[in-house]
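*Asks:* Starting from these lines, generate the structure:
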Amino acid sequence: MKTLTGKFEYNSLVIGMDLPAVEFIPSLCSVDNKTYGKVKPKTYLYDMYISIILSVSNMFSMRPGDMKSFIKGELDSSPYLATIHEELANLYVCYKNTSDAEKVNAGYCIKKINSAYRDDIYTTAYYNLNEDIVYLYNSYTHAILHRITERSILNNLENMSI
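*Replies:* The predicted model follows:
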């Protein structure tokens, strides 16, 4: 299964790890104060989380120095936040422009997501977003990178021979 945009597979592994992206969803639910059990595949929220997880982890894998910066608390997260914003804007436009009939045919749950609030967020350039949205994107990024870094360190420790 893929996100409605077709860009991300639900069962994709986070690059460089044996962790499926879906295993990161509870961490993002915590950021949003959502109940994990209520987040179902083939919904806008699920696609949103998969898009965030895979876009952040893909970028992180292409920037090897970022793990050290993240651990030291010196990471410039703005490229990650801009990527999240771009992916979510693309997802929103895709959902908005896909008819309910097409969504049903693809097995998606129908929920009205169009709103003036979302229109405003996703038509605003990343650098002009309000502080609350930037904080939320930063929280998503931190949750994902923390999990990747923790897992990477544990894997390296397990592979060490003492």
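
*Asks:* average pLDDT for the longest helix belonging to the chain?
*Replies:* Secondary structure of the chain per DSSP state H: the longest helix is helix 131-159. Average pLDDT, helix 131-159: 89.

*Asks:* other SSEs contacting it?
*Replies:* helix 25-32, helix 44-61, helix 66-72, helix 78-97 (3 or more C-beta pairs under 8 Å, 6 or more residues apart in numbering; DSSP states H and E). Any C-beta I mention is one placed from the backbone N, CA and C, and that applies to glycine too.

*Asks:* which residue is nearest the middle of this structure?
*Replies:* A centroid search over the chain (C-alpha atoms, centre = their mean) returns residue 52, at 1.3 Å, as the residue closest to the centre.

*Asks:* Can you read off the pLDDT for that residue?
*Replies:* Residue 52 is given a pLDDT of 97.

*Asks:* now the helices and strands packed on helix 131-159 in TSV, with distance to residue 105?
*Replies:* As requested, these are arranged in TSV below (distance: least, C-beta to C-beta, whole Å):
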stretch	distance to residue 105
helix 25-32	25
helix 44-61	16
helix 66-72	40
helix 78-97	15
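
*Asks:* Lowest average confidence across the ones you listed, which one?
*Replies:* helix 25-32 (a mean of 90).

*Asks:* Residue 8 touches residue 54, doesn't it?
*Replies:* Yes. Using C-beta atoms under 8 Å, residue 8 is in contact with residue 54, at 4.8 Å.
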